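Trainee: here is my input, please return the structure:
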Amino acid sequence: MRTSIVRIAAHNFAKAGFDVIRPYEACDPIAHALDDKAAVKAWVNADSMTLTVEVNTNQILDAATTSENRWRT
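Mentor: The predicted structure follows:
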């Protein structure tokens with residue numbers, strides 16, 4: 001199974017309502033939203049600079065659409 005990885009810069013967290021200083025707090029809400037809204041299983045990890053979202057490649061469009069609708073500002 002092929003996977004795709006999306007990396008989001010930490011300075012963009014505030015636009016989505018997350019704390020820039022605690023990017024790891026965004027992991028669970030993002031993973032749950034993708035699972036609940038689009039049935040996309042995502043592996044979400046964070047470090048001090050980026051949030052990494054890994055999804056099955058055949059579900060990347062569903063993940064992107066769900067994310068855009070959920071966190072649009």
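
Trainee: next secondary structure element downstream of the helix or strand harbouring Leu34?
Mentor: Using DSSP states H and E, Leu34 sits within helix 27-38. Per DSSP H and E, helix 27-38 leads on to strand 42-46 as the next helix or strand towards the C-terminus.

Trainee: that following strand pairs with which strands?
Mentor: Applying DSSP bridges, strand 42-46 is found paired with strand 50-56 (antiparallel).

Trainee: buried residues in the strand it pairs with?
Mentor: Of all the residues in strand 50-56, those buried under the rule 16 or more other C-beta atoms under 10 Å are Thr50, Leu51, Val53, Val55. Bear in mind the C-beta positions are built from the backbone N, C-alpha and C, glycine included.

Trainee: measure the second one to Ile5 for me?
Mentor: Looking back up the chat, that one is Leu51. According to C-beta to C-beta, to the nearest Å, Leu51 and Ile5 sit 11 Å apart.

Trainee: picking that back up, now do the helix holding Leu34: which elements does it pack against?
Mentor: Packing partners of helix 27-38 (3 or more C-beta pairs under 8 Å, 6 or more residues apart in numbering; DSSP states H and E): strand 42-46, strand 50-56, helix 60-70.
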